[in-house]
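*Asks:* Provide a 3D model corresponding to the input given below.
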Amino acid sequence: MIKNKIIRSALIYGSIAAAICFFVAMLQYYGLQKSPFGRYKAPAFGINIIFIIVAVWTFRAKNMGVLTFTEGFSVGFMTNLFAALFTALAFFIFVQFIDSQWGNNQAIMLWVKENVAGIEKIRDAHIKSFGEKEYNDLLKQAKEIPSAGYVFLDELVKKQLCIVAITVIAIIFRRHTFTVS
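*Replies:* Residues are numbered from 1 along each chain as shown. Here you go, the predicted model:
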């Protein structure tokens, strides 16, 4: 029974977080002309963390104020996993079916352009530390156009960095009953 409560709570808040993350990403892309991928993902991390907090807090409230670390971590992890999965799926659909047909892969090309510009900014320091050959290899890799599958995996994997925040949130929100039955 507890597993169903955890999954239900995580699914609800993870779905809401994913919808807001996708909306913010599209706002960045169409409004600010910034790639929704790459280094402009910071708002998505914040949105995920906010909804992880809300999911853990409401789970504890519905559980009569009792929450173990394991329950808190499970709710937080599953909320983040669902949010990352649904956001990655939305990005995959956007890149594969919408942007490729009507936008000529403009979102991906903007991401590649931003990556190349970032690498060219650190050219001298990178050459000094690693050498000319390594810099040229890095630049060549940055110029490769990623697929929709790469965007999916990139989104899914990078969002798992929220595990640190999930651990802290689970520790803060845990409450035990000390009754002996």
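*Asks:* got a list of contacts for the helix or strand bottoming out on mean pLDDT in the chain?
*Replies:* When each helix and strand of the chain is scored by mean pLDDT, DSSP states H and E, helix 100-102 comes last, with a mean of 72. The contact list for helix 100-102, computed with Cβ atoms under 8 Å, 6 or more residues apart in numbering, reads Ala148. Where C-beta positions appear, they are placed from N, C-alpha and C, glycine not excepted.
*Asks:* after it comes which helix or strand?
*Replies:* Proceeding N to C from helix 100-102, the next assigned helix or strand is helix 106-121, under DSSP states H and E.
*Asks:* Buried ones in that next one, by neighbour count?
*Replies:* Ala107, Ile108, Leu110, Trp111, Val112, Glu114, Asn115, Ile119 (16 or more other Cβ atoms under 10 Å).
*Asks:* okay, which residue is most central for this protein?
*Replies:* Computing the C-alpha centroid of the chain and ranking residues by Cα atoms, centre = their mean puts Lys159 first, at 3.2 Å.
*Asks:* Now that that residue has come up, it's in contact with Phe45, right?
*Replies:* Yes - between Lys159 and Phe45 there is a contact at 7.4 Å, judged by Cβ atoms under 8 Å.
*Asks:* I'd like to know which elements the top helix by length along the chain is packed against.
*Replies:* Criterion DSSP state H: the longest helix present in the chain is helix 2-32. Judged by 3 or more Cβ pairs under 8 Å, 6 or more residues apart in numbering; DSSP states H and E, helix 2-32 is in contact with helix 42-62, helix 69-93.
*Asks:* okay if I get those as TSV plus mean neighbour count and mean pLDDT?
*Replies:* Compiled in TSV, the helices and strands packed on helix 2-32 are given as follows (neighbours: other Cβ atoms under 10 Å; pLDDT from 0 to 100):
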stretch	mean neighbour count	mean pLDDT
helix 42-62	19	89
helix 69-93	21	91
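*Asks:* nearest to Ile6, of these?
*Replies:* helix 69-93 (5.2 Å; Cβ to Cβ).
*Asks:* Where does pLDDT dip in the chain?
*Replies:* Low-confidence segments of the chain, defined by pLDDT under 70: 1-3, 103, 176-181.
*Asks:* how is it carved up into domains?
*Replies:* 2-92+147-173, 106-144 (automatic domain parsing).
*Asks:* Rebuild these as TSV, extending it with distance to Asp99.
*Replies:* Formatted as TSV, the domains of the chain follow (distance: least, Cβ to Cβ, whole Å):
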stretch	distance to Asp99
domain 2-92+147-173	9
domain 106-144	5
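*Asks:* can you tell me which of those domains comes nearest to Ile98?
*Replies:* The nearest among the domains of the chain, by Cβ to Cβ, is domain 106-144 at 9.1 Å.
*Asks:* Endpoints of that closest one, how far apart?
*Replies:* 14 Å (Cα to Cα, to the nearest Å).
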